[in-house]
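Asks: Below are the sequence and a predicted model; questions follow.
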Amino acid sequence: QVQLVESGGGLVQPGGSLRLSCAASGRAFSTYLMGWFRQAPGKEREFVAAERRDGSTRYKDSVKGRFIISRDNAKNTVSLQMNSLNPEDTAVYYCAAATRYYYTSLPSQYDYWGQGTQVTVSS
């Protein structure tokens with residue numbers, strides 16, 4: 001069993017930055033595919049970024065060049081650095097873990113979820 005706890009959300013102005021963190025329990029963290037998803041009001045949960053256990057990463061097209069996912073296996077954490085934020089990035093952001101090796105952007109393929117953290121981009 002894995003427990004995920006996100007932190008770092010908040011209110012930021014357009015063009016600003018935020019760093020989300022996710023702390024994971026469990027001894028197998030380094031083997032998981034770790035992902036970040038988001039869900040805006042009235043919309044489905046969507047893939048944002050993922051990092052495989054070998055360190056390779058994948059991003060949603062609209063966040064490429066602005067967001068960076070990174071993991072620290074020694075600390076059982078994964079973070080999402082978000083730069084050049086715009087109002088369309090406003091959503092609840094979720095950390096997720098999958099026991100599979102290969103990438104997936106499907107929420108149903110992830111086994112464990114955090115409770116989410118609100119990110120609001122507004123002037």
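Replies: Cool, got the structure.

Asks: residue contacts, the residue lying closest to residue 70 once chain neighbours are set aside?
Replies: Nearest non-adjacent residue to residue 70, counting by Cβ to Cβ, 6 or more residues apart in numbering: residue 79, 5.5 Å away. Where you see a C-beta, it was placed from the backbone N, CA and C, and this is true even at glycine. By Cβ atoms under 8 Å, 6 or more residues apart in numbering, residue 79 lies in contact with 8, 19-22, 69-72.

Asks: From those residues, which land in strands?
Replies: If you go by DSSP state E, the contacts of residue 79 have 19-22, 69-72 in strands.

Asks: which of those lies closest to residue 30?
Replies: residue 71 (8.3 Å; Cβ to Cβ).

Asks: Give me the neighbour count for that closest one.
Replies: Using other Cβ atoms under 10 Å, residue 71 is surrounded by 21 other residues.

Asks: Residues in a beta bridge with it, which ones?
Replies: residue 78 (DSSP bridges).

Asks: buried ones in stretch 106-116?
Replies: Judged by neighbour count (16 or more other Cβ atoms under 10 Å), stretch 106-116 contains these buried residues: 107, 110, 112-114, 116.

Asks: which among those gets closest to residue 100?
Replies: Closest to residue 100, out of all of those and judged by Cβ to Cβ, is residue 110, at 8.8 Å.

Asks: In what element of secondary structure is the nearest residue to the closest one once chain neighbours are set aside found?
Replies: Excluding its sequence neighbours, the residue lying closest to residue 110 (Cβ to Cβ, 6+ apart) is residue 96, at 3.9 Å. Assigned by DSSP states H and E, residue 96 belongs to strand 91-98.

Asks: C-alpha coordinates for that strand, PDB please?
Replies: What follows is strand 91-98 as a C-alpha-only set of coordinates in PDB (Å, rounded to 0.1, in the frame of the first residue of the first chain):
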ATOM      1  CA  ALA A  91      -7.200  22.900 -11.400                       C
ATOM      2  CA  VAL A  92      -6.800  20.500  -8.600                       C
ATOM      3  CA  TYR A  93      -3.500  18.700  -9.100                       C
ATOM      4  CA  TYR A  94      -3.100  15.100  -8.100                       C
ATOM      5  CA  CYS A  95       0.000  12.900  -7.600                       C
ATOM      6  CA  ALA A  96      -0.400   9.300  -8.700                       C
ATOM      7  CA  ALA A  97       1.700   6.100  -8.700                       C
ATOM      8  CA  ALA A  98       1.500   3.100 -10.900                       C
END
